[in-house]
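*Asks:* test case, fold it:
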Amino acid sequence: MKQLCHYSIIRFMPFLETEEFANVGILLVTPQTGYSAFRLAPKRFARVTDFFNDLDGSIYQKGLHLFDEELKRVTQEYGYRTGKNLLNAFQEVTRLREGVFRFGTMSAILCDNPEQQLDELYDYYVGRNFVTPEYREQVMVKSLRNGLRKHVDGLRYVQKQLHGDLNTAINMPLVAAVDDYYKVIKPLAFDQTKPIGLLEHGEKWIGRVKRLLNNNAVLPQNMLFTVEEPAKNKSELKAVYLEVEREIDKLGINVVPFADKEAIYQFARKLHQPEAAPFSLT
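*Replies:* Here you go, the predicted model:
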């Protein structure tokens, strides 16, 4: 039987002047049954330290410990309440107060299992389990499309289906038609957590581009991979990435880091590259 749950996202906001924050937890209550629980991020949370890199890390760690103790006290104290009494109590708990930890607006959701729903909400809002490489690449494409409009005159880069050998149809996100040939830009995000995932993602796009090259749908000098390397400093991920990089180099196409926007725009503007050497990551 579905139950109506109310939840609030817990945010770490150390600088009130900028109102920047990181999601660090979820508080959830079920008035029908009296269930109330919360889940907080770990004390060592890379997203917080990376985003607020000019902040003393102890502010987050000590503050989280105190906030955790307070939420334990509150959920135990109100654990006997149900219905409007419980909901009103937690609306008071989550109202805006001064401090580096704050609650977002209370929201409602129907669920079969409140405990499982708490974990799912945490994974989504704090763990960001929706941020797959494919999702990240969509963000990269959107960013590049806007940048190309502003910095590249006379060429319009749009999504287009190109045809490779063996009658394969391949969708490419950024394609510009120039006279009788195409220029193609494909962002690649290598933020997989396991080596096999990184390898398979690289091989998939290497294989697709090979088919386009074999069918002369695009020439190597008119094809660009713009890449984000693995963010995690793990030797096994780095080794696999370097192998993928070597395979990309064999194609003879251009490769630049996604962060180097000016190099991307230079490639996008250039109309003819008959003798141009490929870009390099090094």
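
*Asks:* which strand or helix spans residue 140?
*Replies:* helix 133-151 (DSSP states H and E).

*Asks:* okay, the spatially closest residue to residue 83 that is not a sequence neighbour: pLDDT?
*Replies:* If you skip the residues right next to it in sequence, residue 83 has residue 31 as its closest partner in space, 5.1 Å away by C-beta to C-beta, 6 or more residues apart in numbering. Using the backbone N, CA and C atoms, a C-beta is placed for each residue, glycine as well. In this model, residue 31 is scored at 92, pLDDT.

*Asks:* what's the burial count for residue 31?
*Replies:* Per other C-beta atoms under 10 Å, the neighbour tally for residue 31 reads 21.

*Asks:* hmm, back to that, please export the C-alpha coordinates of the helix holding residue 140 as PDB.
*Replies:* Once non-C-alpha atoms are left out, helix 133-151 reads as follows in PDB (Å, rounded to 0.1, in the frame of the first residue of the first chain):
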ATOM      1  CA  PRO A 133      28.800   9.500 -18.900                       C
ATOM      2  CA  GLU A 134      25.900   9.800 -21.400                       C
ATOM      3  CA  TYR A 135      24.300  12.500 -19.200                       C
ATOM      4  CA  ARG A 136      27.600  14.400 -18.800                       C
ATOM      5  CA  GLU A 137      28.100  14.300 -22.600                       C
ATOM      6  CA  GLN A 138      24.600  15.800 -23.100                       C
ATOM      7  CA  VAL A 139      25.700  18.700 -20.800                       C
ATOM      8  CA  MET A 140      29.000  19.000 -22.800                       C
ATOM      9  CA  VAL A 141      27.100  19.100 -26.100                       C
ATOM     10  CA  LYS A 142      24.700  21.800 -24.900                       C
ATOM     11  CA  SER A 143      27.600  23.900 -23.600                       C
ATOM     12  CA  LEU A 144      29.600  23.600 -26.800                       C
ATOM     13  CA  ARG A 145      26.500  24.300 -29.000                       C
ATOM     14  CA  ASN A 146      26.000  27.600 -27.200                       C
ATOM     15  CA  GLY A 147      29.700  28.400 -27.400                       C
ATOM     16  CA  LEU A 148      30.000  27.600 -31.100                       C
ATOM     17  CA  ARG A 149      27.100  29.900 -31.900                       C
ATOM     18  CA  LYS A 150      28.900  32.800 -30.200                       C
ATOM     19  CA  HIS A 151      32.500  32.100 -31.300                       C
END
